[in-house]
Each structure stands twice: as structure tokens, then as C-alpha cells.
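Q: Predicted coordinates and the sequence they were generated for:
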Amino acid sequence: MAQENPREKLWELIKDIRFAMITHRHEDGSLHACPMTTANREGMNEDKHLYFLLGKDSDLSRCLQHSSDINISYADPDKDSYVSISAKASVSNDLAIKEKFYGPMAKAWFPDGPNDPNLQILIARVDFAEYWDVKENKLVQLFKMAKSAVTGERPEGMGEHREIRL
């Protein structure tokens, strides 16, 4: 069996999830998280980057000036699919990148389009990801958990858990 491309597997798991939670270190040292929409819809190229539209006046933007380490979490409970990504964040004001990722929904936050003075791009370079992906339907999962409760043994075959280094 051919080895699966880790970047493609990661993209397959997150591509249809509308919102991610980005966790970052706040200026006071505590961890904060905020919901963001992944801007790249065509996939992750060899550059291993995820892109997000970001307001210059946002808490996240200010905090990235102090620490570039972020975690991006995706969850699709309907598919029992969960992803946690460790990344390094950088911020870009490149107009070509803004034009590439700016879409109609962005107008609510950045009404002046790609030239909006508050718009910048958060570029997340993915270093490591971990995912949990359950293929069994809910009834099979419930049966396995009930059996485990009766036997005292851990349920087996409850899905795939893998780590991906990019």
C-alpha cells in the first residue's frame, strides 16, 4: 500500500471545516484563543502554510509581535474528526496575498477590500500536526464503549490517531 502524503491527509481533514480556533500566548503570558476562518481553500502547497485574514487592531495581531508560536485546532464532531496544528505565525501586508485571499465575506471586517488599512494576512507555517479520525458510525462506537464498560478493557478500533511532521 502506498504511503499517504501527510500534507494532503492534513488538508483532507481540515478543508471543509469553516472555523479554526487559534491559540496564542497573550502579552501577560496566558493562553488565549480566537475563532478564525482559513483563507486558503485550494489546499496546502509545498510551502505548508495556512492563511488567515487578520485585523491589525486585533488582540491576536498584537500578541504575535511577542510570540509567533500558535496552535490551530479544527473539529468536525459530525465526522468525528479532530486536528491540532503547531505552527509559527508571521504577518504580511503583501497586497498580492491580500488580493488572493480576500473574498466577499471579508467585506464585513475589511470594508475597503484588499486595500483596507486594517487588513493583514496571518501566515501559519505548519510544523507539526496531530489528528484523531474515527471511521466507525456512532452505533458501532457506542457498542464498543458499552462492551468496554462491561469487560473493563479499552475499546479497540475507535479510529485513527496519528502525528504528522511537515
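A: Happy to help now that I have it. On a predicted model such as this, the values are computed, not experimentally measured, just so you know.
Q: most centrally placed residue in this protein?
A: Note on the chain: the residue nearest the mean C-alpha position is residue 72, at 4.1 Å, using Cα atoms, centre = their mean.
Q: Excluding chain neighbours, give the residue nearest to that residue in space.
A: Excluding its sequence neighbours, the residue lying closest to residue 72 (Cβ to Cβ, 6 or more residues apart in numbering) is residue 85, at 4.2 Å. C-beta coordinates here come from the backbone N, C-alpha and C atoms, glycine included.
Q: Residue 73: which element?
A: Secondary-structure element containing residue 73, defined by DSSP states H and E: strand 69-76.
Q: Tell me how far that strand lies from the chain's centre.
A: Remark: strand 69-76 is offset 4 Å from the chain centroid, using Cα atoms, centre = their mean, to the nearest Å.
Q: Find the helix or strand that the residue nearest to residue 125 when sequence neighbours are not counted is a member of.
A: Closest residue in space to residue 125, ignoring its immediate chain neighbours: residue 88 at 4.8 Å, by Cβ to Cβ, 6+ apart. Using DSSP H and E, residue 88 sits in strand 81-92.
Q: now swap in residue 50 and tell me
A: Per DSSP H and E: strand 49-55 holds residue 50.
Q: For the helix or strand that that strand is followed by, list every residue counted as buried.
A: Toward the C-terminal end, the helix or strand that comes next after strand 49-55 (DSSP H and E) is helix 59-64. Of the residues in helix 59-64, those buried by neighbour count under the rule 16 or more other Cβ atoms under 10 Å are 60-61, 63-64.
Q: Helix 59-64 packs against which elements?
A: strand 19-25, strand 31-37, strand 49-55, strand 81-92, strand 119-133 (3 or more Cβ pairs under 8 Å, 6 or more residues apart in numbering; DSSP states H and E).
Q: neighbouring strands for the second one, and are they parallel or not?
A: In the sheet containing strand 31-37, the strands it pairs with under DSSP bridges are strand 19-25 (antiparallel).
Q: can I get the helices and strands packed on helix 59-64 in JSON lines with distance to residue 6, mean neighbour count and mean pLDDT?
A: Shown next, in JSON lines, are these (distance: least, Cβ to Cβ, whole Å; neighbours: other Cβ atoms under 10 Å; pLDDT from 0 to 100):
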{"stretch": "strand 19-25", "distance to residue 6": "18", "mean neighbour count": "18", "mean pLDDT": "97"}
{"stretch": "strand 31-37", "distance to residue 6": "23", "mean neighbour count": "14", "mean pLDDT": "96"}
{"stretch": "strand 49-55", "distance to residue 6": "14", "mean neighbour count": "21", "mean pLDDT": "96"}
{"stretch": "strand 81-92", "distance to residue 6": "12", "mean neighbour count": "18", "mean pLDDT": "96"}
{"stretch": "strand 119-133", "distance to residue 6": "8", "mean neighbour count": "19", "mean pLDDT": "94"}
